[in-house]
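Visitor: Provided below for reference: sequence and predicted model.
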Amino acid sequence: MIRFDQVVKKFGDNVVLSDLSFEVDPGEFVTLIGPSGSGKTTILRLLMTLERVTSGTIQVGGEYLSHMEKGGKLVPADEKHLRQVRKRIGMVFQQFNLFPNMKVLQNITEAPIRVLGTPRAEAEAKAESLLEMVGLSDKIDAHPSQLSGGQQQRVAIARALAMEPDVLLLDEVTSALDPELVAGVLAVLRQLAETTDITFLCVTHEMQFARDVSDRVVMFDQGHVVEAADPEKLFTEPENARTREFLKAVL
Ligand code: ADP
């Protein structure tokens, strides 16, 4: 579902990703771990097309994201192509980024109506069922400012799901939450991972969550994959010294 092929990303002289290749299978839940500055967020930003590759290619669902085919050749993607492929990808951020001037319902229906052309009644019915899934049916008419951080984050998850993405990117979704609100958000994500076909790529410092929910954990350092394994193996018998050192520091 996601494929990075020899991706290089530089910011000026700073080589953030060098020759990075990795794949995520359909329906798989993959978590990226590693020290701060190792390039994890850059990977998510490349997938969100907030950044462009310096070289190499990215594919999503078998389609090129970074590039497009033109006259039998692969050329860098233009804006129209990016918009098209980007529809398959949802993202939930650390800072929930809800529209503050809109009620919860409208936060969820806005993009399906405007971007996908979903009829309003259909978008609203879908939003209601998504709110039920994240346990917030009673907040449908609330404004974001009337919700706790954990509730806002659950609305943000419902909003991302309303676009019916094939891929959901999760960027430190619990980092801005008070500790007592983290569990509710993680429970919603765990349920989604177990009950949907969505492919997840997650960056988190919640090692216990990574261990519970991931099919595979990828340890990053300095823009390279150091080690990738199923969570039990990676957390209990890491092979690489760098992984051992990192886990010792965070666990
Ligand atoms: P992580 O998510 O693992 O903490 P990031 O992907 O955020 O790492 O950052 C990796 C490196 O890329 C850092 O050295 C950071 O300073 C650099 N970087 C990220 N975004 C930019 C940017 N827009 N401009 C310049 N440097 C950037």
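Guide: Everything's here; your move.

Visitor: and the residue of the stretch 51-200 of the chain found nearest the ligand, how many neighbours?
Guide: Scanning the stretch 51-200 of the chain for the residue nearest the ligand gives residue 51, at 7.0 Å (criterion: C-beta to the nearest ligand atom). From N, CA and C alone the C-beta is placed, and that goes for glycine too. Residues contacting residue 51 under the criterion other C-beta atoms under 10 Å number 16.

Visitor: Within the helices and strands, which one has it?
Guide: Using DSSP states H and E, residue 51 maps to neither a helix nor a strand.

Visitor: Next: residue 220.
Guide: Using DSSP H and E, residue 220 sits within strand 216-221.

Visitor: just how off-centre is that strand within its chain?
Guide: Averaging C-alpha positions (C-alpha atoms, centre = their mean, to the nearest Å) puts strand 216-221 15 Å from its chain's average.

Visitor: now stretch 116-123
Guide: Centre-to-centre, stretch 116-123 and its host chain are 24 Å apart (C-alpha atoms, centre = their mean).

Visitor: How about the contacts made by residue 112?
Guide: With contacts defined as C-beta atoms under 8 Å, 6 or more residues apart in numbering, the neighbours of residue 112 are 118, 123, 126, 162, 163.

Visitor: Surely it is within a helix?
Guide: Yes - counting by DSSP: H, G, I helix; E, B strand; the rest coil, residue 112 falls inside a helix.

Visitor: So it versus residue 77, what's the distance?
Guide: 24 Å (C-beta to C-beta, to the nearest Å).

Visitor: same question, residue 141
Guide: Distance, residue 141 to residue 77, using C-beta to C-beta: 40 Å.

Visitor: of those two, who's got more company?
Guide: Between residue 141 and residue 77, counted using other C-beta under 10 Å, residue 77 has the larger neighbour count: 24 against 10.

Visitor: Let me know the pLDDT of the nearest residue to the more buried one once chain neighbours are set aside.
Guide: Computed as C-beta to C-beta, 6 or more residues apart in numbering, the closest residue to residue 77 that is not its neighbour in sequence is residue 68, at 4.8 Å. The score at residue 68 is 90. That number is its pLDDT.

Visitor: Can you tell me which residues in the stretch 1-150 of the chain are near the ligand?
Guide: Residues of the stretch 1-150 of the chain lying close to the ligand (C-beta under 6 Å from any ligand atom) are 11, 14, 16, 34, 36, 37, 38, 39, 40, 41, 42.
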